[in-house]
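Colleague: Sequence first, predicted model second:
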Amino acid sequence: AVYQYDDNGNPEGWVAKRWNEKVRERFSLFLQALGKEFDGKIEGINLQESSVGVNQKTDPSFSDETYFAALKANMFALKQAFPTSTTMQYANFMPGEWLPWEDKGYLKGIYQYGEEIGVGLGAPDLMVTRKGQLNHPLAMMHEGTFTVPLGIAIQDGNYIGKTGADEDYHEDADKGELNRENIVPLLHAF
């Protein structure tokens, strides 16, 4: 594991080194064990979001290309371990690109690969008023043709237009606050 950082360069927790071959191998074995026990007994399983606050400055073993390849390897391992249950990769943002201006094909490649191998695609945070989400996961889902399941998680802060990454959102303190915009009707319409 390695620290990951927010957009301001502040540490925001730990992330598994999904781009490390040994970590991927162990994760694949873990998925196989889970699949042996639960495939067909659970409706579905998803991999964590693709967004990660790591780069070569924070971890020299990281590169955008190896991360892209690692996500695809993990998707393949997930599908192999769970051929019956629904499988899904949360693919929201990829390091090294900011769509549509900086497009290296990473996020599009994840969506194409998911369709190719039968892994559903989704994202955390249904944020239909934010350009980042509109230009990344929502654009991928809207502009593509898919036979695999698509889904977006609606997380607590999303009901008031926030994500866990927002510095002004504090889950415990924001509960029940009056006089704030509630975007539930907009989410329902989506």
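Modeller: Looks like it arrived, so ask away.
Colleague: what number of residues lie near Val54?
Modeller: By the criterion of other CB atoms under 10 Å, Val54 has 19 neighbours. (C-beta placed from N, C-alpha, C; glycine too.)
Colleague: how much space between it and Ala69?
Modeller: 15 Å (CB to CB, to the nearest Å).
Colleague: Quick one: the strands in this structure, in order.
Modeller: 2-5, 11-15, 44-47, 86-90, 120-123, 150-152 (DSSP state E).
Colleague: Looking at those strands, which is nearest to Leu99?
Modeller: strand 120-123 (13.1 Å; CB to CB).
Colleague: Now do the closest one: everything it contacts.
Modeller: 44, 46, 49, 86-92, 110-111, 114-115, 133, 136-138, 140-141, 146, 148-153 (CB atoms under 8 Å, 6 or more residues apart in numbering).
Colleague: Quick check, pLDDT for the residue nearest to Leu134 when sequence neighbours are not counted.
Modeller: Computed as CB to CB, 6 or more residues apart in numbering, the closest residue to Leu134 that is not its neighbour in sequence is Val128, at 7.1 Å. At Val128, the model reports a pLDDT of 82.
Colleague: repeat for Glu181
Modeller: 66.
Colleague: now swap in Ile154 and tell me
Modeller: 80.
Colleague: one step back: need the strands of the chain in TSV (columns: mean neighbour count).
Modeller: Output for these, formatted as TSV (neighbours: other CB atoms under 10 Å):
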stretch	mean neighbour count
strand 2-5	16
strand 11-15	12
strand 44-47	17
strand 86-90	22
strand 120-123	24
strand 150-152	18
